[in-house]
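Asks: need a 3D model of the following:
(chains A and B)
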Amino acid sequence: MLPDLPNAEEGEVRMRVAPNPNGPWHIGHARMAAVVGTYKELYDGTFICRFDDTDPETKRPDLDAYDQILDAIEYLGFEPDEVLRASDRVETYYDHARDLIDAGGAYTCSCPAEEFSELKNDGEPCPHRDKSPETVHEEFTGMVDGEYDSGEMVLRVKTDISHKNPALRDFVGFRMIDTPHPRPEASDYRCWPMLDFQSGIDDHLTGVTHIIRGIDLQDSAKKQRFVYDYFDWEYPEVIHWGHVQVDAYDVPMSTSTIAELIEDGELDGWDDPRAPTLASLRRRGIRGEALVEAMTGLGMSTSNVDLAMSTVYANNLQLIDDETDRAFFVRNGDDAVELSVSGGPTTASVPVHPDHEDRGTRELPATGGVFVESADLPAVGDRVWLKGYGCVRHTEDGLVYTDDSLDVTREEGVDIVHWVPADEAVPLRMRTPDGDVSGYAEPGVADYDPDDLLQFERVGFVRIDATGEEYVAYYTHS
RNA sequence: GCUCGGUUGGUGUAGUCCGGCCAAUCAUUUUGCCCUUUCGAGGCGAAGACCAGGGUUCAAAUCCCUGACCGAGCACCA
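Replies: Below you'll find the model as predicted:
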C-alpha cells in the first residue's frame, strides 16, 4: 500500500514522529503516526516519538498532551520504541551550538528582526556576521545564562547571505524566550533552539534514517543541510507530503480552534463526537486500525489530499460487523409513537446476529405496547412488519396482528421495521457528529457495558458509552 | 515579488524514472439487479479520470515545450 522507502534496509530503518505537544491530536495528526508505524512494521524498523516542545510561548506545550499523544499512538495500534522530549535535551543543543561556533558556522546577532530581514532580503550581511569566535562564545554563554531578554540576541547559523532563496539566508538557531517552560525540568531555560536547529541535531543524534514531514517544512531540510555540512554529517532521506483535509466535519481540523470551541463550551471536550479528533473517533468505537488503513491509502504525494471519512467507516465496518451484536433503537424520544399490539403472539424472537445463530436470540415482549419511529408508522389501515414479530395493521385501536406470511414484505411492499417494547424500553441518548438523538432501546441493551459495540438495526453502529443512571451511546457510522 | 513543489473518475490511489502488454489499477462513492425478517453485510453488474495546447514518435498518462490552475516557504512558530 505504501511505496518503498528509498535506501531502506530491513532492520535499519529509524523514523520519528515529532509532535509539538500543544494539545491532543486531531485526525490529521494520525497520518504521520500511521505511516511511520506502518513502515516500522514493513521494515522491522524503529519508531521514535520525539516531542518538539521548544517553544514555551507561542506554541506552549500542554502538560497533559504528552500522554494524550502517546495514548493516541497506542490507539492507532503502535508503540514507540523510544520517547524523547526536546526540552530534556537543551544542553545537547547548546553543546552543538558551541561546536558550530568553533567551526565558524554561527554568530550571535542583536539586529532587530525587521532590520535583519531587510538586510537579508537585499543579500547584505549584518555587522555581527564577522565577530570573532571568542566574542560569539561569550555572547552565546550570555544567552544560555539568560542575560538577554526576548528579542535582544539570537544565534544565527551562517549559511550564504546571498543564497538565491532568501529563506535560507543566515537563519536563527537560538533565541531568547522570557516565558518559562511549563515542564519543571525545563523551566529554567531561557535560550531555546529553533525547530530547524533542534530537529536537525536530534535526527542525526538519534540515528533517524528517513524523515517524513509536511510540505510546509520543505525548506527545513535545506537549512539543516548547512548545519550537517559543518559537522560533516550525512543527511537522512527526506520525504515531504501535502496537507490532509477531512470531509464530514463542521469543526476545522486545528488544535487551537478545537481548543477554543471547548473553552467556549460549544464542544464538550476533545472527545465530543462533533470534534475531528482521535479521542472522538475512539469514543465512537472506530478502530485505530481503520484509520491507519485509510491514512496509508493516501500515499505520500506532495499534493494536498482529502481524506473521505466514508473510507474510514468502510474499513471499520469490515472490522466490527461480524462481532457486533444487533439491537433495536427507536429514535426521536418525544416523537416516537407508542401503540398497543393485539391479536398476535406475546413475544418476538430476533437473532442476536443474523449470521451467527449460535449467539442466540433476543426475546422481546409485545404485550405492553411498542414504540416505533414516527416515520415508520404506516397510515391507518396499512400494514407494517415488526421485525421478528410479524405483520400488523395500523388501526384506530392500535396495531392489530394480521397473521400474514413474510411474503407480504416482498410481494406487497410491506416494510420491515424495528421497534421496542414500550414498558421495558431503555431511554438512551445517542451522540452523533451531527448532534444528539434521544430514543428508546430494547431492554437487552441494559446488559451491555461501556465500550461494547452494538448495531442498532436500520440506524447504525454505536459504542455504548455510559450505563446506569443514564444510557448513552456514541454513534459510530451506518 | 522571490524560491520550491504539484495537477489521473465525486474522493484517494496504481501506472510516469526505463513510451507500446493502459480504450488506464484498486478502494471508496453513486447506482441497477439478486439475496436477506436492517436502509447492514454478501453476490453480480453499471457510472465516472490521464489540467490545456503544441511537439517528438510507428506508438505518449508516461518524453520535450508553452500556458493555466492549485499549494507551500520567504518568522526570534512548530
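
Asks: quickly find the element holding A:Val330.
Replies: Per DSSP states H and E: A:Val330 is located in strand A:329-331.

Asks: again with A:Leu428
Replies: Counting by DSSP H and E, A:Leu428 is part of strand A:426-432.

Asks: the nearest residue to A:Glu234 once chain neighbours are set aside: neighbour count?
Replies: Nearest residue to A:Glu234, sequence neighbours excluded (C-beta to C-beta, 6 or more residues apart in numbering): A:Tyr228, at 7.2 Å. Bear in mind the C-beta positions are built from the backbone N, C-alpha and C, glycine included. A:Tyr228 has 18 neighbours, counted by other C-beta atoms under 10 Å.

Asks: please apply the same query to A:Arg225.
Replies: A:Arg225 has 16 neighbours, counted by other C-beta under 10 Å.

Asks: so it makes contact with A:Trp233?
Replies: No - with contact defined as C-beta atoms under 8 Å, A:Arg225 does not reach A:Trp233; the gap is 9.4 Å.

Asks: picking that back up, and the strand holding A:Leu428, which strands flank it?
Replies: Its sheet considered, strand A:426-432 pairs with strand A:435-441 (antiparallel), strand A:471-477 (parallel) by DSSP bridges.

Asks: figure out which of those is closest to RNA strand B.
Replies: Of all those, it is strand A:471-477 that lies closest to RNA strand B, at 9.0 Å by C-beta to the nearest atom of the strand.

Asks: so is the closest one next to RNA strand B?
Replies: No - on the criterion C-beta under 7 Å from any atom of the strand, strand A:471-477 is out of touch with RNA strand B, staying 9.0 Å away.

Asks: interface residues of the stretch 101-250 of chain A facing RNA strand B?
Replies: Residues of the stretch 101-250 of chain A lying near RNA strand B by C-beta under 7 Å from any atom of the strand: A:110-113, A:116-117, A:121, A:150-152, A:154, A:164-167, A:172, A:175-177, A:192, A:194-195, A:215-220, A:240, A:242-243.

Asks: now the stretch 301-450 of chain A
Replies: Close to RNA strand B, as judged by C-beta under 7 Å from any atom of the strand, the stretch 301-450 of chain A has residues A:301-308, A:310-311, A:313-314, A:317-318, A:321, A:326, A:350, A:354-355, A:376, A:385, A:387-390, A:406, A:409, A:416-418.

Asks: and chain A, what are its domains?
Replies: In terms of domains, chain A is parsed into A:14-86+A:199-242+A:285-314, A:90-193, A:325-477 (source: automatic domain parsing).

Asks: now these as CSV including mean pLDDT?
Replies: What follows is these, written out as CSV (pLDDT from 0 to 100):
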stretch, mean pLDDT
domain A:14-86+A:199-242+A:285-314, 94
domain A:90-193, 94
domain A:325-477, 91
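
Asks: and A:Gly200, how far from A:Asn165?
Replies: Distance from A:Gly200 to A:Asn165, counting by C-beta to C-beta, to the nearest Å: 17 Å.

Asks: of these two, which one has the most company?
Replies: A:Gly200 (29 against 11).

Asks: in three-state terms, label the more buried one for me.
Replies: Here A:Gly200 is recorded as helix under DSSP: H, G, I helix; E, B strand; the rest coil.

Asks: which one is it nearest to, not counting chain neighbours?
Replies: That would be A:Gln224: by C-beta to C-beta, 6+ apart, it lies 3.5 Å from A:Gly200.

Asks: which residues does that neighbour contact?
Replies: A:Gln224 sits next to A:Asp196, A:Phe197, A:Ser199, A:Gly200, A:Asp203, A:Tyr235 when contact means C-beta atoms under 8 Å, 6 or more residues apart in numbering.

Asks: what element comes up after the host helix or strand of the first one heading to the C-terminus?
Replies: Assignment of secondary structure by DSSP H and E places A:Asp196 within helix A:195-205. Sequence-wise, the next helix or strand beyond helix A:195-205 is strand A:210-214, with elements assigned using DSSP H and E.

Asks: got the angle for the helix or strand following that next one vs helix A:195-205?
Replies: Next along the chain after strand A:210-214, taking DSSP H and E as the criterion, comes helix A:218-231. Angle between the axes of helix A:218-231 and helix A:195-205 is 60 degrees (criterion: axes from the mean of the first three to the mean of the last three C-alpha atoms, to 10 degrees).

Asks: what comes up buried for helix A:218-231?
Replies: Judged by neighbour count using 16 or more other C-beta atoms under 10 Å, the buried positions of helix A:218-231 are A:Ser220, A:Ala221, A:Lys222, A:Lys223, A:Gln224, A:Arg225, A:Phe226, A:Val227, A:Tyr228, A:Tyr230.

Asks: what residues are up against the fourth one?
Replies: Taking C-beta under 8 Å, 6+ apart as the contact definition, A:Lys223 lies against A:Val157, A:Thr159, A:Ala167, A:Leu168, A:Phe171, A:Asp196, A:Gly200.

Asks: can you count the residues close to the third one?
Replies: Yep, that's A:Ala167 we're talking about. Per other C-beta under 10 Å, the neighbour tally for A:Ala167 reads 12.

Asks: now the closest residue to A:Thr38 other than its chain neighbours: how far from A:Ala34?
Replies: Sequence neighbours aside, A:Thr296 is the residue nearest to A:Thr38 in space, at 5.1 Å (criterion: C-beta to C-beta, 6+ apart). Note on A:Thr296: its distance to A:Ala34, by C-beta to C-beta, is 6 Å.

Asks: look at the two and report which has more neighbours.
Replies: Ranked by neighbour count (other C-beta under 10 Å), A:Thr296 and A:Ala34 place A:Ala34 first, with 26 against 18.

Asks: which ones are touching that one?
Replies: The contact partners of A:Ala34, taken as C-beta under 8 Å, 6+ apart, are A:Leu76, A:Leu291, A:Val292, A:Met295, A:Thr296.

Asks: who wins for neighbours among those residues?
Replies: Tallying neighbours with other C-beta under 10 Å puts A:Leu291 at the head of these, with 27 neighbours.

Asks: distance between the helix or strand where that one lies and the chain's centre?
Replies: Using DSSP H and E, A:Leu291 sits in helix A:288-296. Between the centre of helix A:288-296 and the centre of its chain there are 11 Å (C-alpha atoms, centre = their mean, to the nearest Å).

Asks: can you tell me the closest non-neighbouring residue to the residue of chain A most remote from its centre?
Replies: In chain A, the residue that sits farthest from the middle, by C-alpha atoms, centre = their mean, is A:Gly343; the gap is 52.9 Å. With sequence-adjacent residues excluded and distances taken as C-beta to C-beta, 6+ apart, A:Gly343 is closest to A:Tyr401, at 3.9 Å.

Asks: how about the one you found, what does it touch?
Replies: A:Val341, A:Ser342, A:Gly343, A:Gly344, A:Pro345, A:Gly390, A:Cys391, A:Val392.
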